[in-house]
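Novice: Sequence plus predicted model, see below.
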Amino acid sequence: MVKKKGLLIVLIFLFLAGCDGCPVREEIKVDRSLSVGKIEGSQFVGIRFPFNISVVPHWKVTTEIPDFMEELGYGRGGLESSQLFLFNPSTHSNLQIDFEPAGRRARFSQAMIERLANMVTEATVSDLKGDYGKDLQVEVGPTEPVSLKGVQYAAKKYVTYTLKGVKREQGWIYAFAEPYQIFILYMILEKAGTSDREDMRKILDSFEVISKK
């Protein structure tokens, strides 16, 4: 997952490609010529995809890949598929957001979303040990339902490990809001005197998918 953010998307698309039955939605075409969105102070307003999100004052939001992301182990290819990045410039805790159209025949439920969110755990642990050594102690957190405004189904999965004396929580939220699949990847670097975990909770509380109806 660190270097292969696209692994989550690939596995999920392969799984959903096997969905049978009649189409449940029209094919969704994304106009890639549109701007991702506009940043107004601390708020991002989506244009290409219908969502808004805000950051707390000492965090930043950008559509450009932050320089430090690759240093944290994220692969350039995976980063380039994300539309938005939010981060604390002093700690480098961060999250990235990617919207993708759902397939015409793909059907979703909370149970399926949780199952899909759980799918990449083994590969994530394997990648981490490959990157940082087989003796790296990686703890796997539970698969949890998540409530996001305007989102029908969402689930979170995460792992924790320590590098150079700093504990990291690295996780992914997989969600569905008709007609889009939503991928939110995050990393919290736990440093004394910081409030990144609470900050990220507030940021995710501000996330909202806006219905076009």
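Specialist: Happy to help now that I have it. Numbering: from 1, shown residues only.
Novice: could you show me where the strands are in this protein, in order?
Specialist: 37-40, 43-46, 51-54, 60-62, 84-87, 94-101, 139-140, 144-145, 153-163, 166-177, 180-190, 208-209 (DSSP state E).
Novice: Turn these into TSV, columns for distance to Thr124 and mean neighbour count.
Specialist: For every residue, glycine as well, the C-beta is placed using N, CA and C. As requested, those are exported to TSV (distance: least, Cβ to Cβ, whole Å; neighbours: other Cβ atoms under 10 Å):
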stretch	distance to Thr124	mean neighbour count
strand 37-40	29	14
strand 43-46	27	18
strand 51-54	24	21
strand 60-62	25	15
strand 84-87	20	22
strand 94-101	15	21
strand 139-140	9	13
strand 144-145	16	14
strand 153-163	6	19
strand 166-177	8	21
strand 180-190	11	21
strand 208-209	26	20
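Novice: In CSV: these, plus mean pLDDT and distance to Phe108.
Specialist: Below are these laid out as CSV (pLDDT from 0 to 100; distance: least, Cβ to Cβ, whole Å):
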stretch, mean pLDDT, distance to Phe108
strand 37-40, 96, 24
strand 43-46, 96, 21
strand 51-54, 97, 17
strand 60-62, 97, 28
strand 84-87, 97, 22
strand 94-101, 94, 13
strand 139-140, 97, 24
strand 144-145, 96, 13
strand 153-163, 96, 6
strand 166-177, 95, 4
strand 180-190, 95, 8
strand 208-209, 98, 14
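Novice: can you put those in TSV and add distance to Lys202?
Specialist: Below are the strands of the chain laid out as TSV (distance: least, Cβ to Cβ, whole Å):
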stretch	distance to Lys202
strand 37-40	18
strand 43-46	13
strand 51-54	8
strand 60-62	13
strand 84-87	11
strand 94-101	12
strand 139-140	25
strand 144-145	18
strand 153-163	16
strand 166-177	15
strand 180-190	13
strand 208-209	13
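Novice: and Gln110, which of those is closest to it?
Specialist: Closest to Gln110 of those, according to Cβ to Cβ: strand 153-163, at 4.7 Å.
Novice: and that closest one, C-alpha only, in PDB?
Specialist: What follows is strand 153-163, C-alpha atoms only, in PDB (Å, rounded to 0.1, in the frame of the first residue of the first chain):
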ATOM      1  CA  TYR A 153     -21.400   3.300   2.600                       C
ATOM      2  CA  ALA A 154     -17.900   3.700   4.000                       C
ATOM      3  CA  ALA A 155     -15.400   1.600   5.900                       C
ATOM      4  CA  LYS A 156     -11.900   2.100   7.300                       C
ATOM      5  CA  LYS A 157      -8.900  -0.200   7.800                       C
ATOM      6  CA  TYR A 158      -5.500   0.600   9.100                       C
ATOM      7  CA  VAL A 159      -2.100  -0.600  10.300                       C
ATOM      8  CA  THR A 160       0.300   0.800  12.800                       C
ATOM      9  CA  TYR A 161       4.100   0.500  13.000                       C
ATOM     10  CA  THR A 162       7.100   2.500  14.300                       C
ATOM     11  CA  LEU A 163       9.900   3.900  12.200                       C
END
